[in-house]
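Student: Sequence and computational prediction follow.
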Amino acid sequence: MDAWLTRAPNSATVTTPLFRVPLPLPHPKNHGIAVVPPLILTSPPPAPKESLTHPAGRDQRGQPDQLAPKESLTHLPTVLDTFLIPLLSPENHMFDARRLRLLVELKQRGTLAAVAQALAYSPSAVSQQLSQLEREVGVPLLEAAGRRVQLTPQGDALVHHGRTILDRLEEAEAAVAQTLTTVNGTVGIAVFQSAAHAIIPQALGILRAEHPDLRVEVTEREPDAGLFEVSARDYDLVVAEQYPGHTRAHRADLDRVVLITDHIRLALAPDAPAEARPLSAHADRAWVMEPVGTASRQWAEQLCRAAGFEPDVRYETADLMAHIRLVRSGLAVGLLPDLVWAGDAPTVTLFPLPEKPEREVFTSARRAAASRPAVVACRDALTRAARGIHPVQGMP
């Protein structure tokens with residue numbers, strides 16, 4: 001099994017191979033299935049070199065393809081992409097499904113620049129292909145909105161059908177994969193930090209032992225970003241979190257499977273006395289919390305306000321390892337989930353909070369791809385790894 005662990009593109013951490021075999025396997029996202037409506041008979045054009053369900057311009061590890069011309073929309077190798085998906089316009093013109101994909105991406109990402117960045121195209125290439133799609137359809141799909149463009153009502157209607165086509169492709173790929181005797185291909189997983197620390201290593205060990213032909217790529221992402229990027233087909237699976245009293249935007253195209261519930265506790269220096277247990281006793285202390293806008297930060301602030309004070313947040317970082325070090329040194333008070341210890345003994349003093357709050361850790365995949373054997377195998381490994389984590393020692 002090939003497994004890669006990376007951080008998000010704006011992180012300073014570089015891609016590092018965890019497990020690697022000499023010959024990487026083909027990316028399953030490049031296994032496109034041609035969907036031809038009844039009574040439409042066409043001669044097969046040359047096999048397109050771009051997958052319909054995998055970001056273009058990237059190699060098998062998801063990295064930008066440095067050898068491919070950036071202007072080309074057909075420069076990735078595929079396995080089963082033999083036909084374009086044709087639809088008939090009133091003039092009997094063919095709609096290129098790759099261009100439909102660009103229109104769907106524009107609806108999701110909002111700007112031509114964002115589409116180009118996500119798919120490793122140049123903005124001019126995206127614009128040219130969308131203009132060609134307009135000519136194929138015969139009606140305007142985009143209109144100017146200041147310095148940007150927005151979809152016309154006709155464009156919105158076509159996006160709806162484009163999403164359906166991409167979903168049917170993924171369902172077809174999953175159906176074909178289910179007929180195979182081995183689980184192979186590539187699965188991209190987005191995961192938040194404490195789950196990457198506590199669950200991912202054990203899950204990768206299970207997958208390496210049971211599915212050696214499967215390649216897994218893991219990237220650290222914040223839950224909201226990861227959910228969006230799974231919906232946008234940047235990843236196949238996300239491990240995300242849900243804090244008490246906090247809801248996330250509903251995405252009808254994603255499912256949700258609970259992995260584990262995780263206690264959250266007050267964290268103090270190792271020598272903290274028992275009388276430091278009440279939350280209100282730390283109204284005048286310095287606090288460490290995750291960045292503004294995150295679900296954990298919103299929940300933590302509300303907890304402190306309910307206790308009668310506004311927390312003095314002097315240290316702000318998404319890195320929970322930094323939280324532990326600041327708390328352990330006596331420089332800050334924090335709120336830490338049990339998962340951060342990954343079954344090891346805590347190195348700080350932990351006290352339970354009122355009502356013993358828990359966060360929910362869950363996975364989400366696109367419903368159209370959830371039955372793909374590689375995704376099913378990863379979910380099974382994640383579940384087994386999560387269940388194998390021992391409770392925090394000495395805590396209820």
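Tutor: Received the coordinates, thanks.

Student: Show me where the stretch 151-300 of the chain has its strands.
Tutor: 185-191, 214-220, 237-242, 257-268, 286-289 (DSSP state E, counting those that start in this stretch).

Student: This structure - how does it break down into domains?
Tutor: With domains defined by automatic domain parsing, the chain comprises 32-178, 261-359.

Student: between the ones you listed, which gets nearest to residue 232?
Tutor: Comparing the domains of the chain by their distance to residue 232 (CB to CB), the top pick is domain 32-178, with 5.2 Å. For every residue, glycine as well, the C-beta is placed using N, CA and C.

Student: now the closest one: mean pLDDT?
Tutor: Averaged across domain 32-178, pLDDT comes to 68.

Student: one step back: any idea which of the domains of the chain gets closest to residue 382?
Tutor: domain 261-359 (12.7 Å).

Student: now do the same end-to-end measure for that closest one.
Tutor: One end of domain 261-359 to the other measures 6 Å (CA to CA, to the nearest Å).

Student: I'd like the average pLDDT over that domain.
Tutor: 93.

Student: just checking, residue 113 touches residue 124?
Tutor: No - with contact defined as CB atoms under 8 Å, residue 113 does not reach residue 124; the gap is 10.9 Å.

Student: ok so, going back, could you redo the strands of the stretch 151-300 of the chain as JSON lines and give each row distance to residue 342 and mean neighbour count?
Tutor: Formatted as JSON lines, these follow (distance: least, CB to CB, whole Å; neighbours: other CB atoms under 10 Å):
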{"stretch": "strand 185-191", "distance to residue 342": "14", "mean neighbour count": "26"}
{"stretch": "strand 214-220", "distance to residue 342": "15", "mean neighbour count": "24"}
{"stretch": "strand 237-242", "distance to residue 342": "14", "mean neighbour count": "24"}
{"stretch": "strand 257-268", "distance to residue 342": "11", "mean neighbour count": "20"}
{"stretch": "strand 286-289", "distance to residue 342": "20", "mean neighbour count": "22"}
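
Student: Need the ones you listed in TSV (columns: distance to residue 131).
Tutor: Formatted as TSV, those follow (distance: least, CB to CB, whole Å):
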stretch	distance to residue 131
strand 185-191	31
strand 214-220	33
strand 237-242	34
strand 257-268	41
strand 286-289	47
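
Student: Out of these, the one nearest residue 354 is which?
Tutor: When these are compared by CB to CB, strand 257-268 sits nearest residue 354, at 9.8 Å.

Student: relative orientation of that closest one and strand 237-242 in degrees?
Tutor: Interaxial angle of strand 257-268 relative to strand 237-242 (axes from the mean of the first three to the mean of the last three CA atoms, to 10 degrees): 50 degrees.

Student: Which other helices and strands does strand 257-268 contact?
Tutor: Where contact means 3 or more CB pairs under 8 Å, 6 or more residues apart in numbering; DSSP states H and E, strand 257-268 is packed against helix 320-328, strand 334-337, strand 349-352, strand 358-365, helix 373-387.

Student: Remind me what the second one packs against, helices and strands.
Tutor: Counting contacts by 3+ CB pairs under 8 Å, 6+ apart, strand 334-337 is packed against strand 257-268, strand 286-289, helix 295-306, helix 320-328.

Student: Of all the ones you listed, which one is nearest residue 174?
Tutor: Among the helices and strands packed on strand 334-337, strand 257-268 comes nearest to residue 174, with 16.2 Å by CB to CB.

Student: Tell me which strands that closest one pairs with, and in which orientation.
Tutor: Here strand 257-268 has these sheet partners by DSSP bridges: strand 334-337 (antiparallel), strand 349-352 (antiparallel), strand 358-365 (antiparallel).

Student: can you give me the offset of the last one from its chain's centre?
Tutor: Going back to what we said before, that points to strand 358-365. Strand 358-365 sits 13 Å away from the centroid of its parent chain (CA atoms, centre = their mean, to the nearest Å).

Student: what angle do that strand and helix 295-306 make?
Tutor: Going by the same axes, to 10 degrees, strand 358-365 makes 160 degrees with helix 295-306.

Student: tell me which residues in strand 358-365 are buried?
Tutor: The neighbour-count check on strand 358-365 (16 or more other CB atoms under 10 Å) flags 358-359, 361-365 as buried.

Student: Ok, the second one next?
Tutor: Within strand 349-352, the residues scored as buried using 16+ other CB under 10 Å are 349-350.

Student: List the neighbours of it that are in contact with it.
Tutor: Residues outside strand 349-352 that contact it (CB atoms under 8 Å, 6 or more residues apart in numbering) are 263, 265-272, 276-277, 336, 392, 395-396.

Student: tell me the residue furthest from the middle of this structure?
Tutor: residue 275 (42.2 Å; CA atoms, centre = their mean).

Student: what's the distance between that one and residue 156?
Tutor: Taking CB to CB, to the nearest Å as the measure, residue 275 and residue 156 are separated by 61 Å.

Student: One more: residue 370?
Tutor: Counting by CB to CB, the separation of residue 370 from residue 156 is 26 Å.

Student: When the two are compared, which one has more neighbours?
Tutor: For residue 370 and residue 156, the more surrounded residue by other CB atoms under 10 Å is residue 370, and the numbers stand at 20 against 13.

Student: Double-check the more buried one against residue 236; I have them as touching.
Tutor: No - Residue 370 lies out of contact with residue 236 (CB under 8 Å); the separation is 9.4 Å.

Student: Look up phi and psi at residue 181.
Tutor: Main-chain dihedrals, residue 181, degrees, to the nearest 10: phi -90, psi -10.

Student: Is residue 286 in contact with residue 330, as I believe?
Tutor: No - counting by CB under 8 Å, residue 286 does not reach residue 330; the two are 9.9 Å apart.

Student: And for stretch 260-272, what's in contact with it?
Tutor: With contact meaning CB under 8 Å, 6+ apart, stretch 260-272 is reached by 199, 241, 276-277, 279, 282, 323-324, 327-330, 333-339, 347-353, 356-361, 386-387, 389, 392, 395.

Student: my bad, stretch 298-312
Tutor: Outside stretch 298-312, the residues that reach it (CB under 8 Å, 6+ apart) are 243-246, 278-280, 283-287, 289-290, 335, 353, 357.
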